[in-house]
Structures are given as structure tokens and as C-alpha cells.
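Peer 1: Turn this into a model:
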Amino acid sequence: MNLAKFGWNTDLQEALEVVENKELVPGRVTLEHKRMYRVLTEQGELLAEVSGKLRFQAEDREDYPAVGDWVILSPRYQEGKATIHGVLPRFSKFSRKVAGDTTEEQIVATNVNSVFLVNALNQDFNIRRLERYLLLTWESGANPVVVLTKSDLCEDISSKIAAVESVALGVPIHITSAKDLTGLEDLQGYLQEGQTVALLGSSGAGKSTLTNYLLGEEKLLVQDIREEDGKGRHTTTHRELVLLPSGGMIIDTPGMRELQLWEAEGSMSHSFSDIEQIAEKCFYRDCKHENEPNCAVREAIENGQLDEKRFQSFVKLQRELAYLDRKNDKKAQLAEKAKWKKVAGDRTRIHRK
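Peer 2: Just a heads-up that it's a prediction; the model follows:
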């Protein structure tokens, strides 16, 4: 196999050349399941697991391979198996906080060039959810592309486009219909050889249908949406990187009931540049945009220049990030405390001996 088809480039080659063990070979993770990995190499597909040393040295989830990662491994071609010894540098990483109360990172996909943010033009159309997807995509290092599906079910497409344009500032927007086969060819430009695209969106948004179209075959199961609310069931149950006939690659992901932020503070300015530009005109530098006099943000809301719901979403996301920072700080403090407690215990045992 030609690894360039899977995104291998000069940066990765340079990273490989500094690896001390020259017997290790590169491969790309296409599937992860319970700490087992399917990896594509020049000699074909291998089933791999991480080495004991890598598992011992891993401090958190980020240190383990994820779908889309380039890894270095020792292959056992006759067995069709391999051992992964390290992860090569990532140029993008899309993460979210795991669902529930646990403060832990979940890596959705890595080394992705573009992210198709798939949103259906039916009852499940949700601008606030799209804002979250945009925020995390900018933070990941990939380029967001809004794909509005099921246009055949929408009677007022222009208003939906206007709503998307108000939050997806400068982001490409594509209107598609798998039923009418409209707008789909425009997506091929993102899927040239060596390019990787991840599909993100809620259940029933049309990700699997879109993937099947791009593949030219019914590879993924597609289920009907519920008529009462336009929502769908989870048809994709795992993340998988698939090579397309065009030469590009696509990663379909399960629909996400929860999309909690992980690290996105650096992208708030990118996603909400309209609000920050308005806020610069506030009389007070530390304006909270509540009851302060000469608040440009409140004035913009009152005169219709800024949507009140968008501003409330901005405030909510800021609070969520601040809360996450506090949780992560506390987690780091506890980990540091446990580390030194262990060191002290080891010293005590050595002294007693």
C-alpha cells in the first residue's frame, strides 16, 4: 500500500527518522475497539495492541492511539498482528469531555484536515448545537465545513442558511439532499488523495447516508428518523477511517447526545468574533454586559444587531469552560499530591530497609 494515500507526508517522515528503533514501521489507525486497533501499513492491515511500556508511560487518554493516528509498531506479518510502541505527532485532534460527570478527555478523531458538521434541515435543526461543534472544530486544528442535509424536507431553506451564516462566520456551507442527489458533488473537493474528513453531527443527521454516497456503496447501516421529532437512532456505533474511491479518507462518528467542551477557550475568539468586536466598544474594559452603563453589547442586542440567544450561548460556553478549568486544576492538584505521597512512601520503605 502507498502510505501517501492515507495522508503520510514529509513531516511524519521526519518524525519517523528520529525514532531510535529503525525496525519499527509506520501505520495509520483505522479502527479502535476496547484497546485493540486495526492499523494500515505498507504491507497491509494488522491487528495491534499497545506495548506494555507505552501503557505504563501513558498518563492519560491523550497518550493512547486514536482513530486517525499515525503510530510506530513492530509488525508480525505472518500472524497479521503488531505491537504499537508510540504515536507520531498529530496536526489536529478533535476532543470532547466524556459524557457524564467524569472529567476526562475523549478523542473523537485525529489528523483530520476538514470536519463536516452535518445538520439536518428538519425538526432537529439546532443552531446552538452547531455553535458547539464549530468551537471544538476550530480548537482541534481542522477546518470546519457545514453540511446541511435533507434539504428536500425543508420549506424555508433561506432562513436556515441565514441562521447558520450568523454563527458560522466565514465557514463554507453546503446544502445537500441524498434523496434528490443535490449538492453532494460539491463535497468531493475536500476529499482528494491524502485528505481526511471527519463527519460530526447528531443521530439522524444523515452522516451514514452521506458516507455511503461518497463510498459509492451501502457500507453503513441507515435507519429512518422518527417523524414526531425528526431525530434518529444511533446507526454508527464506532469510529472508523475508510478510504474512498476518490483517494480521500472519511471518518464517520456515532451521533453524540452530549457534546461537552474539553479545551476550547482558545477558539472562543474565532467562533464569537462578532461579539468580541462589539464588546471592544463597551465603555468599561471589564464590562460584564449586564447592567453597566454604555455597554455596547446590550445596545447591540436592543437594536437587533446581536441575537440575544447567541449572546446567552456565548455566556453559557464561557461559564462551562471556566468550570472545566476549575475541575481540571483540582484534578491536577490531586494527581500531584498522590504522586508526592507515593514518592514519600517509597523513600520511607527504602529507609526502613
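Peer 1: Packing partners of the lengthiest strand in the chain?
Peer 2: Counting residues, the longest strand found in the chain (DSSP state E) is strand 25-33. Contact analysis of strand 25-33 by 3 or more C-beta pairs under 8 Å, 6 or more residues apart in numbering; DSSP states H and E lists strand 36-41, strand 44-50, strand 70-76, strand 240-243 as its packing neighbours. For every residue, glycine as well, the C-beta is placed using N, CA and C.
Peer 1: If I take it and strand 70-76, what angle do their directions form?
Peer 2: 100 degrees (axes from the mean of the first three to the mean of the last three C-alpha atoms, to 10 degrees).
Peer 1: can you pull the buried residues of strand 25-33?
Peer 2: Of the residues in strand 25-33, 25-32 count as buried by neighbour count, 16 or more other C-beta atoms under 10 Å.
Peer 1: repeat for stretch 52-67
Peer 2: Within stretch 52-67, judged by 16+ other C-beta under 10 Å, the buried ones are 54, 64-67.
Peer 1: How about the residue nearest to the spatial centre of the chain, nearest residue that isn't a chain neighbour?
Peer 2: The centre of the chain sits closest to residue 94, judged by C-alpha atoms, centre = their mean, with a distance of 2.9 Å. Excluding its sequence neighbours, the residue lying closest to residue 94 (C-beta to C-beta, 6 or more residues apart in numbering) is residue 140, at 4.0 Å.
Peer 1: what's that neighbour sitting at in phi/psi?
Peer 2: Dihedral angles phi and psi of residue 140 (degrees, to the nearest 10) take the values phi -70, psi -30.
Peer 1: does residue 311 count as helix, strand or coil?
Peer 2: Judged by DSSP: H, G, I helix; E, B strand; the rest coil, the three-state class of residue 311 is helix.
Peer 1: pLDDT score for it?
Peer 2: Per-residue confidence (pLDDT) for residue 311: 89.
Peer 1: One more: residue 221?
Peer 2: Confidence at residue 221, expressed as pLDDT, is 46.
Peer 1: Kindly report the same for residue 330.
Peer 2: 51.
Peer 1: Could you chop this protein up by domain?
Peer 2: 3-87, 93-252, 265-328 (automatic domain parsing).
Peer 1: how about JSON lines for the helices and strands packed on strand 25-33, with mean neighbour count, distance to residue 297 and mean pLDDT added?
Peer 2: As requested, these are exported to JSON lines (neighbours: other C-beta atoms under 10 Å; distance: least, C-beta to C-beta, whole Å; pLDDT from 0 to 100):
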{"stretch": "strand 36-41", "mean neighbour count": "20", "distance to residue 297": "48", "mean pLDDT": "95"}
{"stretch": "strand 44-50", "mean neighbour count": "18", "distance to residue 297": "49", "mean pLDDT": "96"}
{"stretch": "strand 70-76", "mean neighbour count": "20", "distance to residue 297": "44", "mean pLDDT": "97"}
{"stretch": "strand 240-243", "mean neighbour count": "19", "distance to residue 297": "42", "mean pLDDT": "90"}
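Peer 1: will you turn the ones you listed into CSV that also has distance to residue 184?
Peer 2: Formatted as CSV, these follow (distance: least, C-beta to C-beta, whole Å):
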stretch, distance to residue 184
strand 36-41, 26
strand 44-50, 29
strand 70-76, 29
strand 240-243, 17
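Peer 1: Now do the same contact list for the nearest residue to residue 249 once chain neighbours are set aside.
Peer 2: Of all residues not flanking residue 249 in the chain, residue 196 sits nearest, at 4.5 Å (C-beta to C-beta, 6+ apart). Contact analysis of residue 196 by C-beta atoms under 8 Å, 6 or more residues apart in numbering lists 7, 68, 111-114, 241, 248-251.
Peer 1: Could you do residue 113 as well?
Peer 2: Residues near residue 113 by C-beta under 8 Å, 6+ apart: 92, 142-143, 190, 195-197.
Peer 1: List the backbone torsions phi and psi for it.
Peer 2: Torsion angles, degrees, to the nearest 10, at residue 113: phi -80, psi -40.
Peer 1: Show the pLDDT at it.
Peer 2: Listed pLDDT for residue 113 reads 95.
Peer 1: Next: residue 14.
Peer 2: Looking at residue 14, the pLDDT reads 95.
Peer 1: Now residue 162, what are its backbone angles?
Peer 2: Main-chain torsions, residue 162, degrees, to the nearest 10: phi -60, psi -40.
Peer 1: does the residue nearest to the centre of the chain sit in a helix, a strand or a coil?
Peer 2: strand.
Peer 1: before we move on, the earlier item: and the domains of the chain, which is most packed in?
Peer 2: domain 93-252 (a mean of 19; mean count of other C-beta atoms under 10 Å).
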